[in-house]
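J.: This is the structure alone, sequence omitted:
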């Protein structure tokens, strides 16, 4: 039988590669190549001479001087901006980063599909099957007693599932531990007026004295207002809660956000009274933050709803007070360990 055909190459050789390989195969073993023969031989005892540094050209010197001038100008500008308080030091920059990291962590936890907060919020407030919660605001009433009770239960279930878990840690390296310390420069526009009035700041705007009541207010303000109301509720599409917000969802979101803000306002009023050490029977509730007044209902508008879900509002208020007290106690204790 005829011999089998030779195997085809798995690659396309470069031009001239075959002739080169044939020359290598025809060359006897031990024969130096042409390139090796052309190179002059070095004596065996020759020692390499140390290389002499090349003299730098005037152009290279000018380039170095130009870089030094740029560096000096940058340092001088940095020093001037620091003295004029237009440049925030490294510690303040890192504190801003820690705040953003905490918000992102809370958003990731709140948006967990199988988490209690996301399921309750989506089903009760934003989902297609959600009820029209704003019907509780109608005066005169448009719902029967049975219908009102069903809608009130849905709204109460949403209010009572407020975020009250110490999910950011209670150790010295946690972001919340740094947040409740004195000397922090919070980002511009972070505080509401009622929070500014309850805290003390130095001439540079840093927190000069953070009491336990102030620390509790900072925690609740972060967990409830910044990470939930201001972002996931009032900016649902931006933070990926829903693809498109329906009109019914917008009305429900506005009502729930107003009620949660009402709870926080009441908590701030209680903490201010506790911080002052005065025994006052009636706690004054601060006004709605001016930053949120345009997207919130007034107290007069939600008064019918407050009467219906008052027990749930009181439950959420007491839950936040006890949770923040225990949280701050553990964070303060971590400073001595």
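T.: Ah, there it is. As the structure is a computational prediction, the values presented were derived from the model and not from experiment.

J.: How many residues are close by the nearest residue to residue 222 once chain neighbours are set aside?
T.: Counting by CB to CB, 6 or more residues apart in numbering, residue 222 lies nearest to residue 102, which is 6.6 Å off, once chain neighbours are set aside. Every C-beta, even on glycine, is put in place using the N, C-alpha and C of the backbone. Using other CB atoms under 10 Å, residue 102 is surrounded by 22 other residues.

J.: Go ahead and confirm residue 102 touches residue 169.
T.: No. Here residue 102 lies out of contact with residue 169, judged by CB atoms under 8 Å, at a distance of 9.9 Å.

J.: Tell me how many other residues crowd residue 109.
T.: 16.

J.: brain fart, residue 234
T.: The burial count for residue 234: 17, using other CB under 10 Å.

J.: Identify the residues contacting it.
T.: 253, 257, 292, 295 (CB atoms under 8 Å, 6 or more residues apart in numbering).

J.: burial of the last one, as a residue count?
T.: Spelled out, that is residue 295. 17.

J.: I figured it was touching residue 256, is that so?
T.: No. Contact between residue 295 and residue 256 fails when scored by CB under 8 Å: they sit 12.0 Å apart.

J.: got any ranges where the chain has weak pLDDT?
T.: Under the criterion pLDDT under 70, the flagged ranges of the chain are 1-57, 59-60, 74-75, 77-90, 164-167, 279-281, 335-337.

J.: So which residues of it form strands?
T.: Assigned strands in the chain, in chain order: 200-201, 207-209 (criterion: DSSP state E).

J.: partners of the shortest one in the sheet?
T.: Paired with strand 200-201 in the same sheet, following DSSP bridges, are strand 207-209 (antiparallel).

J.: Run through who's touching the partner strand.
T.: 181-184, 186, 199-202, 214.

J.: Let's see if you can find the most crowded of these.
T.: Within the contacts of strand 207-209, residue 214 tops the neighbour count with 21 neighbours, counted by other CB under 10 Å.

J.: hang on, that residue packs against residue 199?
T.: Yes. Counting by CB under 8 Å, residue 214 touches residue 199, with 5.3 Å between them.

J.: So which residues of the stretch 201-337 of the chain form helices?
T.: 212-220, 247-276, 303-308, 310-334 (DSSP state H, counting those that start in this stretch).
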